[in-house]
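**Student:** Mind looking at a prediction? Sequence and model below.
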Amino acid sequence: MQEVQNISTLSREDVLVFHGDEHEGVTQPGTFQCCPCGVQLYNRRKLPTYELVEFTLEFPEVGNESGQALSCTGIVAQCQFEESVNLYRIWVKFLDLPKSVQDRLRTLTQALDLLCPFCENF
């Protein structure tokens, strides 16, 4: 995620996904979702179902909470090509997020309306 000073200025379109050694991130469309369960992201490359992937999540500085970068592991649950955005839509389930990070991610993504339908109900 892009570092910002004020959470109210951040939007889905400010979320960038970098894959491998690419230097140019993929700006995420309006249907991007992220929550403590996982992430639904868009990428230029297809990822095989059930592949383990490593992430570095970068949290913005918000209020009195400093910015943070955290590495975690996820598993690709689904991948399909979306013609409307000319990108692959990829669903990844997080496997090892600590509870403190899950709580921070929930707070941030709830404020930005990025939660998945499951998490919106809890």
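**Tutor:** Arrived safely, thanks for sending. Please read all numbers here as calculations on a predicted model, not as lab measurements. Residues are numbered from 1 along each chain as shown.
**Student:** Let me see the mean pLDDT of the helix or strand encompassing residue 73.
**Tutor:** Under the criterion of DSSP states H and E, residue 73 resides in strand 68-82. In this model, strand 68-82 has an average pLDDT of 92.
**Student:** Quick one: list the elements packing against it.
**Tutor:** Applying 3 or more Cβ pairs under 8 Å, 6 or more residues apart in numbering; DSSP states H and E, one finds that strand 68-82 makes contact with strand 38-43, strand 52-59, strand 87-94, helix 99-111. Heads up, the C-betas are built off the backbone N, CA and C, glycines and all.
**Student:** Throw those into CSV and include mean neighbour count, distance to residue 72 and mean pLDDT, thanks.
**Tutor:** Formatted as CSV, the helices and strands packed on strand 68-82 follow (neighbours: other Cβ atoms under 10 Å; distance: least, Cβ to Cβ, whole Å; pLDDT from 0 to 100):
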stretch, mean neighbour count, distance to residue 72, mean pLDDT
strand 38-43, 20, 10, 92
strand 52-59, 13, 5, 85
strand 87-94, 20, 6, 95
helix 99-111, 15, 8, 83
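**Student:** I'd like to know which of those is closest to residue 71.
**Tutor:** Residue 71 sits nearest to strand 52-59 of all the helices and strands packed on strand 68-82, at 5.2 Å, using Cβ to Cβ.
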